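K.L.:
Coordinates only, no sequence provided:
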């Protein structure tokens, strides 16, 4: 019974958050946003020492406020990603300048296989 109440409150809270933030989600996303929002709202209410009776309306208000905060933060992150310049370089790509690899070797060739390194040194790799 408690799980069904989570789904109902999550669906209503997600729907209200969707309308307030002018976003467009489906029913499943609204339920997920509402349930996650209830955890976020409950955590914030606990930090701010709000004493809630634990009724349906209290849970719905807390879940709705948490869901609105969650959707708002998601929209802000997406907006920042969209405004990032096209030549913005992340840390996932290695930076190679003037033939110097990130490992400090002065070579323009990149060795990608261990067998290439072994053949350069004149050794043979074995499976043992």
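P.N.:
It's in. Being a predicted model, the structure only gives us computed values, none of them experimental.
K.L.:
Mind telling me what element residue 7 is part of?
P.N.:
Element membership of residue 7, judged by DSSP states H and E, is helix 2-20.
K.L.:
for that helix, packing partners?
P.N.:
helix 27-47, helix 56-83 (3 or more C-beta pairs under 8 Å, 6 or more residues apart in numbering; DSSP states H and E). Yep, even glycine has a C-beta here, placed from its N, CA and C like the rest.
K.L.:
Point out the most buried one among the ones you listed.
P.N.:
helix 27-47 (a mean of 18; mean count of other C-beta atoms under 10 Å).
K.L.:
Now do that one: which elements does it pack against?
P.N.:
Using 3+ C-beta pairs under 8 Å, 6+ apart: helix 27-47 touches helix 2-20, helix 56-83.
K.L.:
Reformat those helices as TSV; add distance to residue 44 and mean pLDDT.
P.N.:
TSV is the format used below for the helices and strands packed on helix 27-47 (distance: least, C-beta to C-beta, whole Å; pLDDT from 0 to 100):
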stretch	distance to residue 44	mean pLDDT
helix 2-20	14	89
helix 56-83	7	89
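K.L.:
Redo those helices as TSV? Include distance to residue 46.
P.N.:
Output for the helices and strands packed on helix 27-47, formatted as TSV (distance: least, C-beta to C-beta, whole Å):
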stretch	distance to residue 46
helix 2-20	17
helix 56-83	10
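K.L.:
picking that back up, could I get the buried residue list for the helix holding residue 7?
P.N.:
Along helix 2-20, these residues count as buried under the neighbour rule (16 or more other C-beta atoms under 10 Å): 9, 10, 11, 12, 13, 14, 15, 16, 17, 18.
K.L.:
Please identify the one among those residues that lies nearest to residue 30.
P.N.:
Nearest to residue 30 among the buried residues of helix 2-20: residue 14, at 3.0 Å, using C-beta to C-beta.
K.L.:
Nearest residue to that closest one in space, please, no chain neighbours.
P.N.:
Spatial nearest neighbour of residue 14, excluding adjacent residues (C-beta to C-beta, 6 or more residues apart in numbering): residue 30 at 3.0 Å.
K.L.:
With residue 69 instead?
P.N.:
residue 40 (6.1 Å).
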